[in-house]
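[1] got a sequence here, can you build the structure:
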Amino acid sequence: MARRGRRYDDNGPKLNVKKIIAVIVFILVIIMFVIGIKYMLEDHSENTSGRIETITYYTIYDNGKWGVINSNGEIVINANYDEMIVIPDNTKAVFLCSYDMNYENNTYKTKVINAKEKEVIKGYDTVEAISNYNKKQNMWYENNVLKVKKENKYGLCNMSGKEILPCEYENIEPIKGIQNSLLISKEGKYGLCDNAGSIIIEPKYKKIDKIQEDYQNGYIVIDENDKYGIIGIDKSVVLKCDYEEIKPVIGANLFVVKDNGKYIAINQEGQTILEDKFDDVEEINGDNIIARKDNKVGILDISGETKVKFEYEEIKIAGEYYIAKKNDKYGIIDANGEEKIAYEAIDINYYTSGKFFVVDYLENNNIQSKVIDTNFETKLTGIVTEVNEAKGYFRLYEESGYKYYNFKFEEKSALSILTTNTLFLSKKNGKYGFIDKQGNVVVDYIYDDATEQNSSGYAGVKKDGLWGSIDSKGKVAIEPEYNLDNNTKIDFIGSWHLCEDVNANYYLDV
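    Have a look, this model is predicted:
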């Protein structure tokens with residue numbers, strides 16, 4: 001009798017499952033081997049299309065309107081918006097748009113859209129990025145967090161729109177100059193949360209401020225009796241609210257507080273370590289205290305002994321040395337006040353990761369730089385145009401052109417430093433051009449000045465006093481037609497150039 005409905009019954013012949021699995025695995029291995037060979041034979045040394053594969057986004061301003069482009073220079077959002085479009089994280093297609101502005105009443109509406117102009121975060125009256133800036137006025141947006149408003153109360157959501165802090169606060173704002181520290185207010189009192197919405201300090205203080213530039217040092221708080229204390233990042237009480245003032249300095253387990261009308265140095269147990277030796281304290285560096293007395297700056301040790309006389313206008317920590325200012329000029333001294341570099345510079349900066357100084361002088365009304373090591377030997381001269389501490393190099397302009405050096409002061413090729421570039425700046429007979437990784441000339445030496453290729457693949461080129469740009473293949477994206485003499489930084493994405501104010505961070509096509 002014919003069997004129907006299934007291939008085998010319990011009494012018929014059975015499939016050898018192990019053999020079938022082995023055959024399937026063998027076939028998959030062959031497929032993967034073929035794909036692997038094909039991949040190895042292909043050229044993956046660079047993006048041959050000349051386009052940037054990791055897309056980033058930038059705000060543009062065109063004919064009085066605002067839009068968005070990507071790192072390939074393509075328009076993502078047409079310039080149709082009256083107010084500037086804010087991009088909190090330029091690696092994400094999340095754009096904040098304001099509209100229906102009423103400047104008299106200071107009211108407006110917001111929406112959050114993606115690259116298809118679809119609204120992606122809904123249910124709030126307004127959504128805002130949280131801007132912050134440091135003492136050098138460099139601006140940034142707080143990472144992966146947005147301020148939201150509902151029924152006249154504020155909360156937080158992340159970039160995906162997930163609410164991480166409920167809308168129950170009167171206001172939310174950052175502590176200026178310090179990351180991951182957001183002030184929250186309720187019933188006129190201040191508390192603190194981080195960018196993930198976790199409460200660090202409950203809202204019960206009149207004021208909260210930072211200690212130096214790192215939230216890991218904790219926070220100064222002022223209670224309802226106008227008394228100062230310190231709370232740590234772990235929510236612990238470091239100093240009780242017992243003081244008239246606490247200075248935002250810390251070191252050697254010392255705190256500088258004001259008690260009975262004068263500043264003193266105390267330990268965490270509240271014991272007085274140092275008093276009657278200074279009018280104010282500016283920094284603590286190990287056992288050395290940079291203090292001010294009679295409006296002059298000097299250095300004390302923790303026993304109160306004067307190590308550096310109070311005769312300077314300014315003293316800044318520079319590793320184991322100090323940058324000092326006297327008669328409006330800068331020099332370098334050690335912890336005992338011994339002069340290492342004479343007071344002749346208009347500015348001095350110390351780079352901790354490289355352990356070197358960049359000393360700027362005026363020569364014939366032009367700024368010149370000396371790169372000096374910690375033995376105070378001049379290693380290089382020229383104009384330092386970039387110091388990249390993360391990647392361990394600096395860029396120096398010399399008469400022969402731009403050169404790169406590592407932190408051992410060894411000259412490096414642009415190829416070894418700018419590993420993702422397809423083109424490299426080159427100078428010949430006083431003119432600039434571009435070569436490829438093999439040293440072949442791709443762009444002839446016809447430009448008076450130029451920039452290295454940026455992360456979007458474009459480089460600025462200058463001719464007859466005007467700037468234009470080329471793409472990652474060396475093709476002209478825009479002929480030199482812009483006068484950018486007032487720009488502090490030259491940067492192009494296609495035909496779009498960065499505005500004069502670097503912190504504003506938008507691009508123009510005019």
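
[2] how's the protein carved up into domains?
    Taking automatic domain parsing as the domain assignment, the ranges for the chain are 247-318, 420-510.

[3] do you know which of those lies nearest Lys391?
    Between Lys391 and the domains of the chain, the tightest spacing by Cβ to Cβ is seen for domain 420-510, at 11.4 Å. Yep, even glycine has a C-beta here, placed from its N, CA and C like the rest.

[4] beta partners of the most centrally placed residue in the chain?
    Using Cα atoms, centre = their mean, the residue of the chain that lies closest to the mean C-alpha position is Trp140, 6.8 Å off. In this structure, Trp140 bridges to Asn132 when assessed by DSSP bridges.

[5] for Gln368, find the nearest of the domains of the chain.
    Within the domains of the chain, the stretch nearest Gln368 is domain 420-510; the backing value is 18.3 Å (Cβ to Cβ).

[6] what's the end-to-end length of that closest one?
    The first and last residues of domain 420-510 sit 29 Å apart, counting by Cα to Cα, to the nearest Å.

[7] how about stretch 483-495?
    According to Cα to Cα, stretch 483-495 extends 14 Å from its N-terminal end residue to its C-terminal end residue.

[8] quick check: next helix or strand after the helix or strand harbouring Ile478?
    Following DSSP states H and E, the helix or strand that holds Ile478 is strand 476-482. Counting by DSSP H and E, the element after strand 476-482 in chain order, helix or strand, is strand 492-493.

[9] against which helices or strands is the next helix or strand along the chain from that next one packed?
    For strand 492-493, the succeeding helix or strand toward the C-terminus, using DSSP H and E, is strand 496-498. On a contact count with 3 or more Cβ pairs under 8 Å, 6 or more residues apart in numbering; DSSP states H and E, strand 496-498 meets strand 506-508.

[10] ok, the strand it packs on: who's next to it in the sheet?
    Using DSSP bridges, the strands paired with strand 506-508 in its sheet are strand 57-62 (parallel), strand 496-498 (antiparallel).

[11] buried residues in that strand?
    Neighbour counts over strand 506-508 (16 or more other Cβ atoms under 10 Å) mark Tyr506, Tyr507 as buried.

[12] got the contact list for that strand?
    Outside strand 506-508, the residues that touch it by Cβ atoms under 8 Å, 6 or more residues apart in numbering are 58-62, 66, 69, 84, 493, 496-499.

[13] what about 10 Å?
    The set of residues that contact strand 506-508 without belonging to it, under Cβ atoms under 10 Å, 6 or more residues apart in numbering, is 58-62, 66-69, 73, 84-87, 482, 484, 491-500.

[14] host element of the spatially closest residue to Gly457 that is not a sequence neighbour?
    Ranked by Cβ to Cβ, 6 or more residues apart in numbering and with sequence neighbours excluded, the top spatial neighbour of Gly457 is Ser472, at 3.6 Å. Secondary-structure element containing Ser472, defined by DSSP H and E: none, the residue being outside all helices and strands.

[15] next, count neighbours for Ser472.
    Other residues near Ser472 come to 23 when the count uses other Cβ atoms under 10 Å.

[16] picking that back up, what's the closest of the domains of the chain to Asn366?
    Per Cβ to Cβ, nearest to Asn366 of the domains of the chain: domain 420-510, 15.9 Å.

[17] can you give the distance of that closest one from its chain's centre?
    Chain-centre distance of domain 420-510: 23 Å, with Cα atoms, centre = their mean, to the nearest Å.

[18] checking the nearest residue to Asp436 once chain neighbours are set aside next. Helix, strand or coil?
    Beyond its immediate neighbours in the sequence, the residue positioned closest to Asp436 (Cβ to Cβ, 6+ apart) is Val442, lying 5.2 Å away. With DSSP: H, G, I helix; E, B strand; the rest coil as the basis, the three-state label of Val442 is strand.

[19] how close does Asp301 sit to Leu274?
    As for Asp301, its distance to Leu274 is 9 Å (criterion: Cβ to Cβ, to the nearest Å).

[20] between these two, who's got more neighbours?
    When Asp301 and Leu274 are compared on other Cβ under 10 Å, the one with more neighbours turns out to be Leu274, at 20 against 15.

[21] could you look up the SS state of that one?
    strand.

[22] can you tell me, leaving aside adjacent residues, what's nearest to it?
    Leaving out its chain neighbours, Leu274 is closest to Ala265 (Cβ to Cβ, 6+ apart), at 3.8 Å.

[23] same deal with Val441?
    Taking Cβ to Cβ, 6+ apart as the measure, Val441 lies nearest to Ile435, with 5.6 Å between them; neighbours along the chain are not counted.

[24] just give me the neighbour total for that neighbour.
    By the measure other Cβ under 10 Å, the count of residues near Ile435 is 19.

[25] list the buried residues of the helix or strand hosting Glu168.
    In the assignment (DSSP H and E), Glu168 maps to strand 163-169. Within strand 163-169, the residues scored as buried using 16+ other Cβ under 10 Å are Glu163, Ile164, Leu165, Cys167, Tyr169.
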